[in-house]
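Novice: what shape does this take:
(2 chains)
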Number of protein chains: 2
Amino acid sequence: MQTPKMVEPVPNEIYQYSIISALMDGVASHGIPISSLLAHGDHGLGTFRNMVGEMIILDSTVYQMKSDGSIVPITSPAEVITPFGVITKFEPTQRVKACISGKEDLAKLLKGLLPGARNHFLSMRIDGTFKKIHARTAGGQEHPREGMVSVAGRQRTYTFEGAKGTIFGFRSPEYVMGINVAGEHMHFISEDRLRGGHVLGFETEGEVEVSVSMASRFHMELPTGDEEFNEAALVQDSQGIASVEG
Amino acid sequence: MQTPKMVEPVPNEIYQYSIISALMDGVASHGIPISSLLAHGDHGLGTFRNMVGEMIILDSTVYQMKSDGSIVPITSPAEVITPFGVITKFEPTQRVKACISGKEDLAKLLKGLLPGARNHFLSMRIDGTFKKIHARTAGGQEHPREGMVSVAGRQRTYTFEGAKGTIFGFRSPEYVMGINVAGEHMHFISEDRLRGGHVLGFETEGEVEVSVSMASRFHMELPTGDEEFNEAALVQDSQGIASVEG
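Specialist: Model (predicted):
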């Protein structure tokens, strides 16, 4: 276990543990306790050891969304490991109500809201009712070093209709592809905490509340003493990342 | 001027302002005061406003190495702007004496010294006498947004023979290409502070002292309120970066 971090996280800085290319290469046996991730913020996403399910963090509460459809709140974050997670102390600077027909429509909305953030990171939260959410949950690796494309081949996909809930995620600039996912990367959880997953597509039911902040500071922490990470080729596979994280 | 940072930098974390792709796109009119960079460490490299010369930071002293061959210590770091800089609070964990025949030989040495750092950042300092150092200094942009490949077309190159001095630089993992320079990126300054530049190649004269540390934490700060940065395409140009920074 790590010593608790005494320094308060700066609002809207993005902290990331490991890189998405490591997951692509199947580096998911080790990681940091989720409590260490929480020292850097209150809203985020990621995955769990061996890529078992999708992680969403809302208001400092962490949920594990599994491929069997079950959702588990993580009540002992010091005892649960994440091999990849992204988190921010979310303090939105923009709040609007909007109807959103899909990911492209969201991209346009974000561009209009923060025209000076074209090459920056954005954190965003969408609260409301969704006419449709197309989501997936990864079931996990069948063996160590199984890569994400292979794991995603067995993912469960769901379509939730009329679900009330929250999407949280990040929009990352193109130049971080390989380190993180370029473009939008969002997870969803329903208000009753019974449905959720990695968002593949969505459409709102009427107006929802969109909260956004720009991030100009990015902190990355790499796995240490982790042979899997050290041995991984970590070659940028933009197409592969887009196929499993798009 | 910025408020002095109260938090002490953590040893061997790497802090970077802006990204190398921004320089490639000629984003070099604005930046942060060098004093802000120094708040994050004591050893580093970078450039100056409009890419006028090469920056090296040794033991918290900053030097500007210009293409006319002159070298200026920066005595008022709060008043001088950098559009791109990388710095660390350098506390080497490995120190060896070695003869190094060139960049490839150095890469082999580093691999042997820190086999667990294949996918990490390294900071390194080489002190001693160099049989030959092939170096360049960028003269600066002729107009705003002039890209680095074009600026480098007018760079001055020098070969220093038998120069006693110090190389400082970083080795960055492949997956940060575009954000920083993948591989080694090193600057040199002579002990008499009369010669220096961006290292294109080198060979030591007998044994030199090599000090190295691994970095698993990387902090990136992006320019804000900078129209040049916001408008830049920032498309990854690996070949271009390798040609001007290799």
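
Novice: spell out which parts of chain A neighbour chain B.
Specialist: A:7, A:19, A:21, A:115-120, A:173-179, A:216-225, A:229-232, A:234-236 (C-beta under 8 Å from any C-beta of the partner chain). For glycine as for every other residue, the C-beta is placed from the backbone atoms N, C-alpha and C.

Novice: in helices, which of those appear?
Specialist: Assigned to helices by DSSP state H, the following of those qualify: A:21, A:229-231.

Novice: any idea which of those is closest to residue B:193?
Specialist: Each of those was checked against residue B:193 using C-beta to C-beta; the closest is residue A:230, at 38.6 Å.

Novice: now do the contacts for that closest one.
Specialist: B:115-119 (C-beta atoms under 8 Å, 6 or more residues apart in numbering or on different chains).

Novice: bridging residues for residue A:88?
Specialist: residue A:14, residue A:43 (DSSP bridges).

Novice: now the one 10 residues further on
Specialist: Each beta-bridge partner of residue A:98 is listed here, defined by DSSP bridges: residue A:208.

Novice: tally of neighbours for it?
Specialist: 17 (other C-beta atoms under 10 Å in any protein chain shown).

Novice: how close does it get to residue A:10?
Specialist: 28 Å (C-beta to C-beta, to the nearest Å).

Novice: repeat for residue A:150
Specialist: To residue A:10, residue A:150 is 38 Å away according to C-beta to C-beta.

Novice: what residues are up against the spatially most central residue of chain A?
Specialist: Central residue check for chain A by C-alpha atoms, centre = their mean: the C-alpha nearest the mean position is that of residue A:45, 3.0 Å away. For residue A:45, the contacting residues are A:54-57, A:85-86, A:168-170, A:185-187, by C-beta under 8 Å, 6+ apart.

Novice: chain A: helices as residue ranges?
Specialist: So, for chain A - with DSSP H - the helices run A:20-24, A:34-38, A:103-113, A:148-152, A:227-231, A:238-245.

Novice: can you redo those helices as TSV with mean pLDDT?
Specialist: Output for the helices of chain A, formatted as TSV (pLDDT from 0 to 100):
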stretch	mean pLDDT
helix A:20-24	95
helix A:34-38	98
helix A:103-113	96
helix A:148-152	93
helix A:227-231	96
helix A:238-245	78
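
Novice: give me whichever of the ones you listed is most buried.
Specialist: Of all these, helix A:20-24 has the most neighbours on average by mean count of other C-beta atoms under 10 Å in any protein chain shown, namely a mean of 26.

Novice: helices and strands around that one, which ones?
Specialist: Contact analysis of helix A:20-24 by 3 or more C-beta pairs under 8 Å, 6 or more residues apart in numbering or on different chains; DSSP states H and E lists helix A:148-152, helix A:238-245 as its packing neighbours.

Novice: who does the one helix or strand in chain A whose mean pLDDT sits lowest touch, helix- and strand-wise?
Specialist: Every helix and strand in chain A was compared by mean pLDDT, DSSP states H and E; the lowest is helix A:238-245, with a mean of 78. Other helices and strands packing on helix A:238-245, by 3+ C-beta pairs under 8 Å, 6+ apart, are helix A:20-24, helix A:148-152.

Novice: make JSON lines out of those helices and add distance to residue A:108.
Specialist: Formatted as JSON lines, those follow (distance: least, C-beta to C-beta, whole Å):
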{"stretch": "helix A:20-24", "distance to residue A:108": "25"}
{"stretch": "helix A:148-152", "distance to residue A:108": "27"}
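
Novice: and the closest residue to residue A:214 other than its chain neighbours, how far is that from residue B:235?
Specialist: Distance criterion C-beta to C-beta, 6 or more residues apart in numbering or on different chains; nearest residue to residue A:214, sequence neighbours excluded, is residue A:117 at 4.3 Å. As judged by C-beta to C-beta, residue A:117 and residue B:235 stand 18 Å apart.

Novice: next: residue A:229.
Specialist: 28 Å.

Novice: for residue A:93, same thing?
Specialist: 28 Å.

Novice: now do residue A:64
Specialist: Residue A:64 is 37 Å from residue B:235, by C-beta to C-beta.

Novice: out of those two, which sits in the busier spot?
Specialist: residue A:64 (21 against 12).

Novice: beta partners for the more buried one?
Specialist: Under the criterion used (DSSP bridges), residue A:64 bridges to residue A:55, residue A:72.

Novice: count the neighbours of residue A:101 for me.
Specialist: With other C-beta under 10 Å as criterion, residue A:101 counts 12.

Novice: correct me, but residue A:65 touches residue A:197?
Specialist: Yes: under the criterion of C-beta atoms under 8 Å, residue A:65 makes contact with residue A:197 at 5.3 Å.

Novice: overlap of the contact sets of these two?
Specialist: A:54, A:137, A:187.

Novice: of those, which is the most crowded?
Specialist: residue A:54 (27 neighbours).

Novice: so who does that one touch?
Specialist: Neighbour list for residue A:54: A:45, A:47, A:64-65, A:136-138, A:187, A:196-198 [criterion: C-beta under 8 Å, 6+ apart].

Novice: now do it against residue B:29, distance only.
Specialist: Taking C-beta to C-beta, one finds residue A:54 at 42 Å from residue B:29.

Novice: do the same with residue A:20
Specialist: Distance from residue A:20 to residue B:29, by C-beta to C-beta: 32 Å.

Novice: give me the nearest residue to residue A:207, chain neighbours excluded.
Specialist: Closest to residue A:207 by C-beta to C-beta, 6+ apart is residue A:97, at 4.5 Å.

Novice: cool, residue A:7 as well?
Specialist: residue B:7 (6.2 Å).

Novice: so the one you found is in contact with residue A:9, correct?
Specialist: No: contact criterion C-beta under 8 Å: residue B:7 and residue A:9 do not qualify, at 11.8 Å.

Novice: appreciated, that's everything.
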